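Peer 1: got a predicted model here, sequence first, then my questions.
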Amino acid sequence: MTALLQVTGLRSGYGAVEVLRGVDLAVGTGEIVALLGSNGAGKSTFNNTVSGIVPTRAGQVRFADTDLTGAHYRDVVRAGLIQVPEGRRIFPNLSVLENLELGSFTRARENRAQNLERVFGVFPRLKERTRQLAGTMSGGEQQMLAIGRGLMAEPRLLILDEPSLGLSPLLVEELFELIARLHAEGLSILLVEQNVGQSLQIAHRACVMENGAIQFTGTPDELLASDDLRRAYLGL
C-alpha cells in the first residue's frame, strides 16, 4: 500500500492543553480509513491539525510525498487534502451555487464548470436548488452541500468529520452508500465517525483514538473480533 497521507508522532492542542499526544496514522491511496473514538478523544483536533487550522507542536504530516507539517491551510487545500468539517460549516446567507463555487476558490478553479456538473450528478437535489439560501435547507441537504463543496476542489483525500451527525436513519444509510460510491470512483477517504457499525462496513482499516492517541489500528474484522477492544473503545 502506498501511503497518501502519513502522519507520524503528531502533537497539538490549544493553549496549555495538549490534545494530541503522538498520533501515528496513515491513509493509503484508494483506501477508506475509519477514525473512531468517543467525544473528546481528539478526532476533530487531529483533522484540524492535519488541515493546517490548528498549529502542529511536534511530529510530521506528509501528503503525496510533500511535507505539509505546519503548512498554511490554503497550501493544504492546494495539495488536494480537503476536509468536510463537523457541523457542515456552510454559509447560510449564500445560495447553494455560491457555496459550491467557494469550494473551488483555492483549488481546481479552472475546472469549476465541469466539477459543478459532477456534483449535480451526485446530488441532483442541489441542482434543483441552486438559488436557494443554504441556511433554509434541511440538515440532510446541508450535508449534501458540504460534501459537494468539498468535491468542487477535486480532492485527492477527503476527510469527512462526523458526516452522519444529526441525520435520520434513512439519510445515514444514503450517506454511507454515497461514501462507498465516491470511493469506487477512486477517492481516498478518512472517515471520522461515531457511527461505528456503518463505518466498519465500508472501511478497509480502522483506527481507534482515545485520549489523544491511537490505541488500535487494524482491519474492521480484527477490531470486532476483540471483546476487550469492543468494550473498551466502542461500547459494543
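Peer 2: Cool, got the structure.
Peer 1: what does stretch 38-50 contact?
Peer 2: Here stretch 38-50 makes contact (CB atoms under 8 Å, 6 or more residues apart in numbering) with 5, 7, 10, 12-14, 19-20, 23, 25, 35, 37, 54-56, 61, 68, 76, 81, 83, 85-86, 159, 161-162, 190, 192, 194, 209-213, 233. For the C-beta atoms, the positions are set from N, CA and C on the backbone; glycine is no exception.
Peer 1: so of the residues you listed, which ones are in helices?
Peer 2: Using DSSP state H, the members of the contacts of stretch 38-50 that fall in helices are residue 76.
Peer 1: inside strands: which ones of the contacts of stretch 38-50?
Peer 2: Of the positions in the contacts of stretch 38-50, 5, 7, 10, 12-14, 19-20, 23, 25, 35, 61, 81, 83, 159, 161, 190, 192, 209-210, 213 sit in strands, assigned by DSSP state E.
Peer 1: worst-scoring helix or strand of this structure, pLDDT-wise?
Peer 2: Every helix and strand in the chain was compared by mean pLDDT, DSSP states H and E; the lowest is helix 227-229, with a mean of 75.
Peer 1: distance from it to the middle of the chain?
Peer 2: Centroid separation between helix 227-229 and its chain, computed with CA atoms, centre = their mean, to the nearest Å, is 26 Å.
Peer 1: list the buried ones in stretch 191-198?
Peer 2: By neighbour count with 16 or more other CB atoms under 10 Å, stretch 191-198 contains the buried residues 191, 192, 193, 194, 195, 196, 198.
Peer 1: ok, residues contacting the least confident helix or strand of the chain?
Peer 2: The contact list for helix 227-229 (CB under 8 Å, 6+ apart) reads 208, 216, 223.
Peer 1: what is the nearest of the residues you listed to residue 31?
Peer 2: Distance to residue 31, by CB to CB, is smallest for residue 223 among the contacts of helix 227-229, at 15.7 Å.
Peer 1: neighbours around that closest one, how many?
Peer 2: If you count neighbours by other CB atoms under 10 Å, residue 223 ends up with 24.
Peer 1: can you tell me the SS state at it?
Peer 2: Classification of residue 223 using DSSP: H, G, I helix; E, B strand; the rest coil returns helix.
Peer 1: thinking it is in contact with residue 203, fair?
Peer 2: No - counting by CB atoms under 8 Å, residue 223 does not reach residue 203; the two are 9.5 Å apart.
Peer 1: what's the longest helix in the protein?
Peer 2: Assignment by DSSP H gives helix 169-184 as the longest helix of the chain.
Peer 1: check the offset of it from the chain's centre.
Peer 2: How far helix 169-184 lies from its chain's middle: 14 Å, per CA atoms, centre = their mean.
Peer 1: repeat that for stretch 61-80.
Peer 2: A distance of 15 Å separates the centroid of the chain from that of stretch 61-80, by CA atoms, centre = their mean.
Peer 1: please apply the same query to stretch 202-222.
Peer 2: Offset of stretch 202-222 from its chain centre (CA atoms, centre = their mean): 15 Å.
Peer 1: residue 215 versus the residue lying closest to residue 116 once chain neighbours are set aside, what's the distance?
Peer 2: Spatial nearest neighbour of residue 116, chain neighbours left out: residue 100 (6.3 Å); criterion: CB to CB, 6 or more residues apart in numbering. Going from residue 100 to residue 215 by CB to CB, to the nearest Å gives 38 Å.
Peer 1: looking at the two, which one has more neighbours?
Peer 2: Neighbour totals were compared for residue 100 and residue 215, and residue 100 leads with 26 against 15 (other CB under 10 Å).
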